[in-house]
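Peer 1: how would this look folded up:
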Amino acid sequence: MAVMEQIETLMSDVGPVLDPLAIDAMPEAKCWGIAMEEDLSVLVEFDEQKNCLVLSSELGAPAPGDRTALYELLLQLNYHWNATGGNRMAVNGPGGDIVQMYELGADNLDATQLSAVLKTFSEVAKAWRQVVQQPS
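Peer 2: Below you'll find the model as predicted:
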């Protein structure tokens with residue numbers, strides 16, 4: 001099982017490999033904010049009980065209007081977790097932002113692997129942000 005020190009080392013090793021705009025470490029909260037682009041950040045949280053990293057990115061609030069079709073699409077995405085590699089979507093409150101989430105096991109994870117996952121996660125987030133923010 002990974003311990004916090006290993007995760008802190010992993011996250012510091014990710015910087016040179018990933019080369020993001022910035023990485024803000026909040027070790028007391030066991031999380032890191034990674035600015036992938038000016039308008040796209042990924043929060044990486046270490047869940048010690050599950051021994052995994054939880055990636056999340058806010059995609060913005062849906063466009064005004066009827067959100068039923070969008071929410072139905074997001075539920076279908078969650079249902080097909082095996083086809084999406086485990087990506088899932090959530091709403092952070094009534095009428096709130098859509099959040100993309102992904103859990104990644106921390107055992108034997110290295111900076112190159114984590115960087116690849118973060119890049120893919122970010123690309124998916126950019127595509128879904130367009131879907132989320134388009135008029136219904």
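Peer 1: against residue 65, how distant is the most centrally placed residue in the chain?
Peer 2: With distances taken as C-alpha atoms, centre = their mean, residue 56 lies nearest the centre of the chain, 2.7 Å away. The spacing between residue 56 and residue 65, counted by C-beta to C-beta, to the nearest Å, is 25 Å. For every residue, glycine as well, the C-beta is placed using N, CA and C.
Peer 1: this protein: strands as residue ranges?
Peer 2: 22-26, 31-37, 40-47, 52-60, 88-91, 98-105 (DSSP state E).
Peer 1: same list, those, but as JSON lines with distance to residue 135 please.
Peer 2: Formatted as JSON lines, these follow (distance: least, C-beta to C-beta, whole Å):
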{"stretch": "strand 22-26", "distance to residue 135": "32"}
{"stretch": "strand 31-37", "distance to residue 135": "24"}
{"stretch": "strand 40-47", "distance to residue 135": "21"}
{"stretch": "strand 52-60", "distance to residue 135": "13"}
{"stretch": "strand 88-91", "distance to residue 135": "18"}
{"stretch": "strand 98-105", "distance to residue 135": "15"}
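Peer 1: how far away is residue 47 from residue 104?
Peer 2: Taken as C-beta to C-beta, the span from residue 47 to residue 104 is 10 Å.
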